[in-house]
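Student: What follows is a predicted structure for the sequence shown.
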Amino acid sequence: MHLIFSEDDLRVMRSIKEAVDPKGLCNPGKIIPQSLPEQMPLSHYPGKGVQTVALNSNLGEKSLAFAELEKTGVVGKRVERPSSESQLQQILGQAYHEGLTVLPLGGGTALGVAGLPEEVDIVLDMTGLANVVTLDTKNLNMTVQAGITLDAINLHLGGKEKGFFLPLDPPLSHRATIGGVYASNFSGPSRLLYGTLRDQALGVSGVDAEGHRLKFGGITVKNVSGYDLTKFFIGSAGSLCIITSISFLIYPLPEASSLCEASLESQEKIQDLLSDLRSSALIPTSVMVLDGASGSGFRLLTAFEGHPKAVERQSKDFIKMSENYGARGKSQMSRHAMMEHLRSAINPDDPENNVLTLKASVPIVQGIPAYTAISQLSKDHGLKTKMTLFAGNGVLYSYTSKDNEETLLSLVDGVKDIAERFGGHVVPVKTPRKILSTWGSRVDAGLNCHMLRPIKDKLDPKHILLPLP
């Protein structure tokens, strides 16, 4: 194993092994060596030129992310903006030595998924790490630093003489950094065809709480020896380590793309249409449900990609299928139009006034009933809420505009009850501090107590990183 992993990587795997198997009963001495050399002293990491400023400086004012952080009620004492991994190692090494708490910040689009404290000593502005490290189009992989945005990645991949893309399209992809997407485990409508971030990530590099560099996975699909920690750290929200770079699969741009839109008036008809679509031979890239254009009924957006003739045939078949349920359908053969419509559907209509964003996950067949129930709940509270359902996955986003916190609290409680009733759960994406502070753990209490917390205590013994979400 020493030929494959560094001593720091092995130490992390050993810490996880000890956390979940403290008596060493499972395969003792196998996979992970029982003894490891002493750690390097923290002073090993020199790191120079780190940009350090006060939280209310111009550096913070230039970023919407810092404005979003302030809205959550987090008070930060200073900002550090590393431009290299070695600088980040120095910052974390010194923070660990001095017992200073650290919060990593990217685009600030999903701060609610993290365990945010009311006060933090250091805010890490990760946008200083925003480069494409490697791009290998022949082997369909790339490595990027954690602070680069999704849109910047796809602009680079889709540039002249490249013709590739990364099929990750979470909300606000123009601001969302790839490190933040990894930390929050967010995805978009294209997950129906291409899968989630877990299906795209090949390898990851990061820095642990003590300032030691970590690296797991690689740039090939079959690259796992030891523990597959590339997948394990997804969704950890900055609580176990700070991610610095990620390697991904990339895909050639489809030859053709189309977006089909069908409008239906009743819940029963759209449920029947979706059931028919799931049992058909059609292979959509995404299937999304929104409110009807007039505020009543439903709009169904279905995208197809691939060979031009296959896309044209599937689009025609879908329109014909929808017309069997009385839908008014139309299609458009354009990748640009498809992406713009999907982006508009998944993003909040009024980002500045959006104060509450929730993400619910329910069984696929319960998607429409949950969508309808949450939509009606919002109307009963007199709130303006935009709803978006990934009908092929059971993932639902709701964006609610400004209102008093008591009304929002009541809405959140109602959404939680609805999700639980339909066999799902809800996580906060963007919420006021009062709601966030009363939310509680995002994971099962037993899992948190018996597995995640022991791992957290091993990897971050001084708890300088964010609490477990």
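Tutor: Yep, that arrived.
Student: Would you point out which residue is most central in this structure?
Tutor: The residue lying closest to the centre of the chain (C-alpha atoms, centre = their mean) is residue 186, at 2.3 Å.
Student: The residue lying closest to that residue once chain neighbours are set aside and residue 84: what is the separation?
Tutor: Distance criterion C-beta to C-beta, 6 or more residues apart in numbering; nearest residue to residue 186, sequence neighbours excluded, is residue 170 at 4.1 Å. Backbone N, C-alpha and C define where each C-beta goes, glycine included. Here residue 170 is placed at a distance of 27 Å from residue 84 (C-beta to C-beta, to the nearest Å).
Student: Compare neighbour counts for those two and give me the winner.
Tutor: The neighbour comparison of residue 170 against residue 84 (other C-beta atoms under 10 Å) goes to residue 170, with 25 against 17.
Student: is it true that that one touches residue 176?
Tutor: Yes: contact criterion C-beta atoms under 8 Å: residue 170 and residue 176 qualify, at 5.5 Å.
Student: Name all residues that sit in contact with the two at the same time.
Tutor: Shared contacts of residue 170 and residue 176, defined by C-beta atoms under 8 Å, 6 or more residues apart in numbering, are found at 109-110, 150, 186.
Student: Spatially, which two of these are the most separated?
Tutor: Between any two of the shared contacts of residue 170 and residue 176, the greatest separation by C-beta to C-beta is 12.3 Å, found for 110 and 150.
Student: got any residues that touch both of these two?
Tutor: Common contact partners of residue 110 and residue 150 (C-beta under 8 Å, 6+ apart): 170, 176.
Student: Tell me where the stretch 351-469 of the chain has strands.
Tutor: 354-361, 385-390, 395-401, 425-430 (DSSP state E, counting those that start in this stretch).
Student: What strands line up against the first one, and which way round?
Tutor: Sheet partners assigned to strand 354-361 using DSSP bridges are listed as strand 395-401 (antiparallel), strand 425-430 (antiparallel).
Student: Let's have the ones you listed in JSON lines, adding mean neighbour count.
Tutor: Shown next, in JSON lines, are those (neighbours: other C-beta atoms under 10 Å):
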{"stretch": "strand 395-401", "mean neighbour count": "23"}
{"stretch": "strand 425-430", "mean neighbour count": "22"}
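Student: Tell me which of the ones you listed lies nearest to residue 356.
Tutor: That would be strand 395-401 among the strands paired with strand 354-361, by C-beta to C-beta, at 4.1 Å.
Student: Do a quick rundown of the helices in the stretch 301-450 of the chain.
Tutor: All helices of the stretch 301-450 of the chain, identified by DSSP state H, counting those that start in this stretch, fall at 308-323, 335-346, 367-380, 405-421, 433-437, 445-447.
Student: Report all helices and strands that the fourth one contacts.
Tutor: Contacts defined by 3 or more C-beta pairs under 8 Å, 6 or more residues apart in numbering; DSSP states H and E place helix 405-421 against strand 354-361, helix 367-380, strand 395-401, strand 425-430, helix 433-437.
Student: try 7 Å
Tutor: strand 354-361, helix 367-380, strand 425-430, helix 433-437 (3 or more C-beta pairs under 7 Å, 6 or more residues apart in numbering; DSSP states H and E).
Student: Quickly list the domain ranges of this protein.
Tutor: The chain breaks down into these domains under automatic domain parsing: 1-253+442-469, 256-432.
Student: just checking, which of those domains comes out with the lowest mean pLDDT?
Tutor: Across these, domain 1-253+442-469 has the smallest mean pLDDT, namely a mean of 85.
Student: which residues sit against stretch 151-171?
Tutor: Stretch 151-171 has contacts (C-beta atoms under 7 Å, 6 or more residues apart in numbering) with 109, 132, 137, 144, 150, 173-174, 176, 178, 181, 186-190, 194, 197, 200, 248, 250-253, 342, 346-347, 397.
Student: Could you do stretch 188-197 as well?
Tutor: For stretch 188-197, the surrounding residues in contact (C-beta under 7 Å, 6+ apart) are 167-170, 181-182, 185, 187, 234, 283-288, 342, 346, 390, 392-393.
Student: which of the residues you listed count as buried?
Tutor: By neighbour count, with 16 or more other C-beta atoms under 10 Å, the contacts of stretch 188-197 hold 167-170, 181-182, 185, 187, 234, 284-288, 342, 346, 390, 392-393 as buried.
Student: In helices, which of those residues appear?
Tutor: Judged by DSSP state H, those include 181-182, 342, 346 as members of helices.
Student: Could you single out the nearest of those residues to residue 94?
Tutor: Distances from residue 94 to these, taken by C-beta to C-beta, are shortest for residue 182, at 24.7 Å.
Student: Pretty sure residue 243 is one of the things that closest one touches, is it not?
Tutor: Yes: taking C-beta atoms under 7 Å as the definition, residue 182 is a contact partner of residue 243 at 5.7 Å.
Student: quick one on the thing from earlier: mind putting the strands of the stretch 351-469 of the chain in CSV, distance to residue 15 included?
Tutor: Shown next, in CSV, are those (distance: least, C-beta to C-beta, whole Å):
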stretch, distance to residue 15
strand 354-361, 30
strand 385-390, 36
strand 395-401, 33
strand 425-430, 27
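Student: so residue 246, which of the three states?
Tutor: strand (DSSP: H, G, I helix; E, B strand; the rest coil).
Student: number of nearby residues for it?
Tutor: 28.
Student: Quick one: residues contacting it.
Tutor: Counting by C-beta under 7 Å, 6+ apart, residue 246 makes contact with 144, 146, 178, 182, 201, 204.
Student: picking up where we left off before, make a markdown table out of the helices and strands packed on helix 405-421 and add distance to residue 9.
Tutor: Formatted as a markdown table, these follow (distance: least, C-beta to C-beta, whole Å):
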| stretch | distance to residue 9 |
| --- | --- |
| strand 354-361 | 32 |
| helix 367-380 | 40 |
| strand 425-430 | 30 |
| helix 433-437 | 34 |
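Student: Between those, which one is closest to residue 278.
Tutor: Closest approach to residue 278 among the helices and strands packed on helix 405-421 is made by helix 367-380 (10.9 Å; C-beta to C-beta).
Student: Check which helices and strands the closest one sits against.
Tutor: Where contact means 3+ C-beta pairs under 7 Å, 6+ apart, helix 367-380 is packed against helix 267-278, strand 385-390, strand 395-401, helix 405-421.
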